[in-house]
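Q: after the sequence you'll find the predicted model.
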Amino acid sequence: MKIPVHLNALRAFEASARHQSFSAAAAELNVTPAAVGQLVRTLEDWLGAPLFHRAAGGRARLIPTEAAERALPEIRAGFDRLVLGMERLKEGSMSGVLTVTISPAFAAKWLLPRIDRFQAACPDTDVRLDTNLKAVDFVSQRIDIGVRYGLGSWPGLIADKLMDEEVYPVCSPEMLHRKGRLTDPTDLEHETLIHDLSMDGHAGFPTWAAWIKKATGLNISGSRGMKINNSAAVLQAAVEGHGIALARSVMARDDLASGRLIRLFSEISFPSPLAYYVIYRAECAGLPRIRTFRDWLIQEASDIHS
């Protein structure tokens, strides 16, 4: 059946029913209350029946009729489908918003210093960063692609390895010169250690205790010191001379290159069992924006290691 009612009238009706107010609906739709009221009356005239019981006062001045209540779930589902359809139309192009889920620390230490190169290459794509350590639902939260640190398995998602890394102690140049005695890993027993708790409890995440055991063969306590749940803040604390951090190489690369941090005991190698992965849904693998951003991430990581 052809419905000769403009979609704006249905949108005005749905918003008015949800808010039980023309004024609140108008604020949401960015129009005047009079315009919302007129759109609703247009719909009522076409139907030949009222959609609301109108009250003269009180918080809820619009109460949907029984027929309106029955229709609202279908109308809302229809709008949801329309929005999804419009997103599908946009997915085939490079223009629009690309939503990327990453940790706050990875954003600060790796992606943001490089993102201008992607924007220069793809000026029609607007990157929106969702900085979240928690698991996200790619569908309900409309996430396009992400970078995660782990063992490489996330249910329902493709995971392409981006970078391996290792961990090692770092400190500020001032602290190294002031101490003048950080010549052996056993010296760490008497120093303030900065602990990264950003993935506390994750199987395989390197800890000070594990690094000290590997470096010295001794069970020297590595639990003392400052504890921080953000990898970027861990490095910043070390830059400011508050202690010695067990750095993740991907996060610390720029601080080491600039001289803000110094790597200690470089002869000791401790590869992390965890790595960085680009993650995305299989059904979206061929979409231009997602494919282009994935390839750019991998190329950036490759350039660093080449």
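A: Received, thanks. Numbers count the residues shown, from 1 in each chain.
Q: all strands of the chain, in order?
A: 52-54, 62-64, 96-102, 125-131, 145-150, 158-163, 167-171, 193-196, 226-228, 244-248, 262-263, 275-280 (DSSP state E).
Q: next, format those strands as a markdown table and append mean pLDDT and distance to residue 81.
A: C-beta: built from backbone N, CA, C; applies to glycine. Output for the strands of the chain, formatted as a markdown table (pLDDT from 0 to 100; distance: least, C-beta to C-beta, whole Å):
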| stretch | mean pLDDT | distance to residue 81 |
| --- | --- | --- |
| strand 52-54 | 90 | 25 |
| strand 62-64 | 91 | 21 |
| strand 96-102 | 91 | 19 |
| strand 125-131 | 93 | 23 |
| strand 145-150 | 95 | 24 |
| strand 158-163 | 97 | 26 |
| strand 167-171 | 96 | 48 |
| strand 193-196 | 94 | 44 |
| strand 226-228 | 93 | 45 |
| strand 244-248 | 95 | 43 |
| strand 262-263 | 96 | 55 |
| strand 275-280 | 96 | 23 |
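Q: contacts only, for residue 22.
A: 16, 33, 36, 37, 40, 61, 62 (C-beta atoms under 8 Å, 6 or more residues apart in numbering).
Q: if we can go back for a sec, deepest-packed of the strands of the chain, please.
A: The highest average neighbour count among the strands of the chain, using mean count of other C-beta atoms under 10 Å, belongs to strand 244-248 at a mean of 27.
Q: what would the strands of the chain look like in a markdown table with distance to residue 70?
A: Conversion of the strands of the chain to a markdown table gives the following (distance: least, C-beta to C-beta, whole Å):
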| stretch | distance to residue 70 |
| --- | --- |
| strand 52-54 | 14 |
| strand 62-64 | 9 |
| strand 96-102 | 35 |
| strand 125-131 | 37 |
| strand 145-150 | 40 |
| strand 158-163 | 42 |
| strand 167-171 | 60 |
| strand 193-196 | 55 |
| strand 226-228 | 54 |
| strand 244-248 | 56 |
| strand 262-263 | 68 |
| strand 275-280 | 40 |
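Q: which of those strands sits closest to residue 111?
A: strand 96-102 (6.1 Å; C-beta to C-beta).
Q: show me what that closest one pairs with in its sheet, parallel or antiparallel.
A: If you go by DSSP bridges, strand 96-102 pairs up with strand 125-131 (parallel), strand 145-150 (parallel).
Q: returning to that earlier point: ChimeraX command for the buried members of the contacts of residue 22?
A: Here is the ChimeraX selection string for the buried members of those, based on 16 or more other C-beta atoms under 10 Å:
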select :16,36,37,40,61,62
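Q: give the buried residues for stretch 188-208.
A: 188, 191, 193, 194, 195, 196, 198, 199, 205, 206, 207, 208.
Q: pretty sure the last one contacts residue 246?
A: Read that as residue 208. Yes: in this structure, residue 208 is within contact of residue 246 by C-beta atoms under 8 Å, at 5.3 Å.
Q: just give the number of residues close to the nearest residue to residue 239 once chain neighbours are set aside.
A: In space, and not counting its chain neighbours, residue 239 is closest to residue 260: 4.9 Å by C-beta to C-beta, 6 or more residues apart in numbering. Neighbour count of residue 260, defined by other C-beta atoms under 10 Å: 17.
Q: and residue 135, by the same measure?
A: 9.
Q: please apply the same query to the one 3 residues further on.
A: Residue 138: 19 surrounding residues under other C-beta under 10 Å.
Q: if I pick it, what's in contact with it?
A: 101, 144, 146, 156, 157, 280, 281.
Q: which residue packs closest to residue 14, ignoring adjacent ones?
A: residue 75 is the one closest to residue 14 (C-beta to C-beta, 6+ apart), at 5.5 Å.
Q: now do the one you found against residue 16, distance only.
A: From residue 75 across to residue 16, the span is 12 Å (C-beta to C-beta, to the nearest Å).
Q: still on that earlier bit, of the buried residues of stretch 188-208, which pair is most distant in space?
A: Checking the buried residues of stretch 188-208 with C-beta to C-beta, the most distant pair is 191 and 199, at 23.0 Å.
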